[in-house]
Structures are given as C-alpha cells and as structure tokens.
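Peer 1: Need a 3D model of the following:
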Amino acid sequence: MNLRVFCIGDIVGNPGRRVINKKLSQLKTDLQIDFCIANAENAAGGSGLTPDLARELLSKGIDVLTMGDHVWRKREIISAIDRGLPILRPENLPRGVPGKGAMVLNMDNGFEVAVISILGRVFMKPNDCPFAAVDRVLDRLSSRTPVIVVEFHAEATSEKIAMGYHLDSRVSAVVGTHTHVTTADETILAGGTAYLTDLGMTGPINSVLGRKVEKVLYNFTTGLPAPFDIATGPAMLNGVLIEIDRETGRASKIERIRVEDC
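Peer 2: Here you go, the predicted structure:
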C-alpha cells in the first residue's frame with residue numbers, strides 16, 4: 001500500500017499562511033494526503049518563525065515544519081524548538097544548537113515517517129557538510145522506517161541535484177527549497193528516490209519571491225536600499241505529491257501541485 005506524502009514550498013508571510021488556512025484542508029481530502037511537510041522559515045513576516053505561528057500552521061494539517069538559513073531570525077523560536085513541537089532546523093548546523101535536524105513521526109495509523117532537514121553550502125553562509133550530516137543520521141532512521149523524506153534548503157541547483165544522486169535508493173524523496181521558484185524537473189531516480197530541485201513558494205503571486213515588486217525594482221535599478229515588504233493580493237500554494245511504498249520506501253510517483261487563492 002502506498003503512502004501519499006505532500007511537501008509544501010516556503011510559506012511566505014501572511015499571504016502564505018492565508019492560503020494554507022483556506023486551501024490545505026480541502027486539498028488533503030481531494031488528494032488523499034496521508035502526511036504533510038512544509039517549509040516555514042519565512043512564515044513570520046517573511047523571515048523566521050514564531051511558536052504561535054508554528055502552532056497555527058500545525059493546526060491546519062501540517063505534520064512537520066522544516067526551517068532553513070532563517071531559522072533563528074525570530075529569537076523566540078530558540079527556546080520553543082526543543083519543547084515538543086514538530087519543527088526541524090537543519091541537521092548540519094553547528095553541534096549543540098537547539099532543536100533537531102531529523103525526526104521520526106508517528107502517523108494516526110501507527111506508521112512512522114522520517115524527515116531530515118539539511119542546509120546547502122554553495123552561495124550560503126558556512127555550515128557543516130550537508131552530505132556528511134545526512135549520512136550520519138540515515139542508519140538510525142532507516143532502522144525505524146523505510147519512508148524517509150529529505151528537505152534540502154539550498155541555493156545552487158547543482159548542489160541539490162548532487163544530493164539527489166547521493167541519496168538515491170537510500171531515501172524515499174529529496175525535495176529542495178529556498179529559491180521560491182518551482183522547478184520542472186520532478187522525477188523518480190533509478191534507485192526509486194523521488195526528486196525535485198525546488199518546491200517553489202507558498203505566498204503572493206504578483207511578487208518578486210514574495211516581496212513587493214516596486215521595492216525590489218527600486219533596489220535593482222538604483223542600487224539604493226529599500227525595505228523588501230511582503231507583497232499583497234492573490235496567493236498560491238506550491239508543492240509536490242509523492243507516492244511511496246510503505247514496505248520498501250521506494251517512490252512510484254511525484255506530481256507538482258499548484259493551488260491559487262484569488
């Protein structure tokens with residue numbers, strides 16, 4: 001029997017939260033989603049996450065929230081990330097920081113799903129090697145469940161693709177986040193791992209990566225600083241639906257999903 005896992009791209013500010021609030025419940029019913037993962041590192045005003053917003057998103061049907069390079073932008077998350085909420089900071093952050101980078105979650109039917117969050121290094125701030133970090137936790141997780149989903153928060157396409165091949169046959173899926181632009185390279189790799197370079201963004205449609213167009217254009221055309229305010233108006237939800245064999249952990253299907261809130 002297959003498990004249907006839905007992975008949602010970076011939730012950006014109030015528009016992203018709004019479309020989750022309005023669309024996710026019905027989407028889970030329509031697509032028969034069993035388990036839902038979402039990146040929430042931009043959920044609080046476009047940068048970071050607060051405990052209250054984490055609880056709000058989790059109450060809407062998301063099973064686990066992943067983070068990225070903005071994980072500590074809202075300081076209040078630091079004291080809350082170890083208090084039982086299913087929130088993952090990247091596994092390859094410096095050792096000793098709060099939180100977990102990998103987690104096994106129990107579904108209502110008793111089945112277990114493992115999720116790993118890792119952060120890229122190319123064009124990003126220095127961190128530990130993501131390839132070594134994910135290797136360190138795989139044996140422990142695979143002894144619990146064959147269904148393992150890796151979310152790779154990274155800038156460089158090449159680094160994400162390399163991670164897909166590095167983990168092919170060892171995990172169920174590798175999905176990328178961070179660029180806020182959905183890629184069209186969804187595939188099932190030779191070893192049975194579902195792969196997509198970037199899930200895209202859950203946030204305002206008429207924007208530059210979720211920010212007001214006029215503010216970003218002003219910065220690009222003048223070189224002068226401008227506040228990159230979150231855009232308003234219609235929003236979209238971007239993600240992928242992945243079908244995974246519960247016994248083997250191999251993926252059989254990956255499909256991009258886009259829903260708009262007008």
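
Peer 1: For this protein, identify the residue most remote from the centre.
Peer 2: Here the chain has its C-alpha centre computed as a mean, and the residue farthest from that point, by C-alpha atoms, centre = their mean, is Thr222 with 33.2 Å.

Peer 1: Distance check, the most centrally placed residue in the chain against Gly249.
Peer 2: Ranked by distance to the mean C-alpha position of the chain (C-alpha atoms, centre = their mean), the top residue is Asn39 at 3.3 Å. For Asn39, the distance to Gly249 equals 22 Å [C-beta to C-beta, to the nearest Å]. The way it works is simple: take the backbone N, C-alpha and C, and place the C-beta from them, glycine included.

Peer 1: Checking Val259 next. Helix, strand or coil?
Peer 2: strand (DSSP: H, G, I helix; E, B strand; the rest coil).

Peer 1: With Gly249 instead?
Peer 2: Going by three-state DSSP, the state assigned to Gly249 is coil.

Peer 1: residues in contact with it?
Peer 2: Counting by C-beta atoms under 8 Å, 6 or more residues apart in numbering, Gly249 makes contact with Thr145, Pro146, Val147, Ile148, Val171, Ser172, Gly192.

Peer 1: Is it correct that the residue nearest to the centre of the chain is in contact with Ala154?
Peer 2: No - the pair Asn39 and Ala154 does not pass the contact test of C-beta atoms under 8 Å, sitting 11.8 Å apart.

Peer 1: Name the nearest residue to Leu196, ignoring sequence neighbours.
Peer 2: The spatially closest residue to Leu196, leaving aside those adjacent along the chain, is Glu186, at 4.6 Å (C-beta to C-beta, 6 or more residues apart in numbering).

Peer 1: Check whether the one you found really touches Leu199, as I assumed.
Peer 2: No - using C-beta under 8 Å, Glu186 and Leu199 do not qualify as a contacting pair, with a distance of 9.9 Å.

Peer 1: Between these two, which contacts overlap?
Peer 2: Between them, Glu186 and Leu199 share the neighbouring residues Val240, with contact defined by C-beta under 8 Å, 6+ apart.

Peer 1: So between those two, which is more surrounded?
Peer 2: Remark: of Glu186 and Leu199, Leu199 carries more neighbours, 29 against 18, as counted by other C-beta atoms under 10 Å.

Peer 1: quick one: that one from Asp229, how far?
Peer 2: If you go by C-beta to C-beta, the gap between Leu199 and Asp229 works out to 23 Å.

Peer 1: Okay then, goodbye and thanks.
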